[in-house]
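Peer 1: Show me how the following folds:
(chains A and B)
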Amino acid sequence: MMEPGLYHILFISAALFFIGVYGFLTRRNLITMLMSIELILNSVNLNFIAFNKYLWPGKLDGLFFTLFIIAIAAAEAAVAIAIIINLYRSHQSIDVENAEDLKY
Amino acid sequence: MITGSTILFYLLAALTLTCGLLSVSTRQIFRAAIYLLFSLIGIAGIYFWLQYEFIAAVQIVVYVGGIVVLIIFSIFLTQQAGEKLPKQKPGRKIFSALAVFCGFALTMVQVYKHEFDFDKTMVSPTMSNIGQNMLSTKEGGYALPFEVISMLLLAAMIGCIVIALRSKPETK
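Peer 2: Okay, the predicted model is just below:
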């Protein structure tokens, strides 16, 4: 076992990002797609924090980017869930295959 | 030389990745939400391990306490109990897995080829440091983005209320 460092954290965040991408490509339910997006955003946050700690520990830019990404993710999740619940009210389903009449 | 910190890191990494993988592959949507919860807790643990305690606390409060609870509530509102998600076509699964694996391999090759110039001074930010930086208007201060984020949250709140309270369509 090696002493964990930047490369290990980059491995975790890359793996988490592609797990999220896999979920986004295979799932057809809007809530599970939203969960995949949360995984992707978290992997980005982990990247920012790791770079901040190992490459520029004197500055706090990565930390603030992470804070703002978390705030934006919270807003995004709230709006997305409002839209999903509204979609369920009108279509009785939250499958993307059934939500193709957005243009009307 | 294996120290407790190393073991802890590998445990947190395993928790995060296993739960993330289960969260995108399980066919029961409620379990997917719970696996997502544990994956996010694992990431918060990694922040603690990196000694970024403030970010770890924010992660737990916002993600674990906010977003996952919101997701679970929306599952309760939109899903019939005990109903499994429909099976996906195997072709779509295989091609997604292939694309994801190629992307991951490409990324990791690039990462391991690159030589980072590490900064060896291991300082972790203190709370007063974070607070002063966030509200300073000088160079490197984040007062303006902070205000923009507060406007964004207000806009998101109003948007949610408007979307959720839309009146029923009139009968034609």
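
Peer 1: what about the longest helix in the chain?
Peer 2: All of this is about chain A. Ordering each helix of chain A by length in residues (DSSP state H) puts helix A:61-91 first.

Peer 1: not what I meant, chain B
Peer 2: helix B:90-113.

Peer 1: Which elements pack onto that one?
Peer 2: Packed against helix B:90-113 by the contact rule (3 or more CB pairs under 8 Å, 6 or more residues apart in numbering or on different chains; DSSP states H and E) you find helix A:6-26. Quick note: C-beta positions are derived from backbone N, CA and C, even for glycine.

Peer 1: Could you give me the buried positions within the helix it packs on?
Peer 2: A:7-26 (16 or more other CB atoms under 10 Å in any protein chain shown).

Peer 1: What mean pLDDT does it get?
Peer 2: For helix A:6-26, mean pLDDT is 93.

Peer 1: same for the following helix or strand past it, what does it pack against?
Peer 2: Where DSSP states H and E defines the elements, the next helix or strand beyond helix A:6-26 is helix A:30-54. Applying 3+ CB pairs under 8 Å, 6+ apart, one finds that helix A:30-54 contacts helix A:6-26, helix A:61-91, helix B:4-25, helix B:29-49, helix B:53-59, helix B:68-78.

Peer 1: mean confidence score for helix A:30-54?
Peer 2: The model assigns helix A:30-54 a mean pLDDT of 92.

Peer 1: Nearest residue to the closest residue to chain B within chain A in space, please, no chain neighbours.
Peer 2: Nearest to chain B in chain A, going by CB to the nearest CB, is A:Gly23, at a distance of 3.0 Å. Among residues not flanking A:Gly23 along the chain, B:Val24 sits closest, at 3.0 Å (CB to CB, 6 or more residues apart in numbering or on different chains).

Peer 1: What residues of the helix or strand of chain B with the lowest mean pLDDT count as buried?
Peer 2: Lowest on mean pLDDT, DSSP states H and E among the helices and strands of chain B sits helix B:127-134, with a mean of 85. By neighbour count on 16+ other CB under 10 Å, the buried set for helix B:127-134 is B:130, B:133-134.

Peer 1: Can you tell me which of those residues is nearest chain A?
Peer 2: In terms of CB to the nearest CB, no member of the buried residues of helix B:127-134 lies closer to chain A than B:Asn133, at 5.1 Å.

Peer 1: Mind checking which residue lies nearest the centre of chain B?
Peer 2: The centre of chain B sits closest to B:Leu40, judged by CA atoms, centre = their mean, with a distance of 6.0 Å.

Peer 1: mind listing what that one touches?
Peer 2: Counting by CB atoms under 8 Å, 6 or more residues apart in numbering or on different chains, B:Leu40 makes contact with A:38, A:42, B:59, B:63-64, B:68.

Peer 1: Apply 10 Å and report the result again.
Peer 2: Shown in contact with B:Leu40 (CB atoms under 10 Å, 6 or more residues apart in numbering or on different chains): A:38-39, A:42, B:16, B:19-20, B:23, B:59-60, B:62-64, B:67-68.

Peer 1: Am I right that B:Gln59 is in contact with B:Ile41?
Peer 2: Yes - the pair B:Gln59 and B:Ile41 passes the contact test of CB atoms under 10 Å, sitting 8.7 Å apart.
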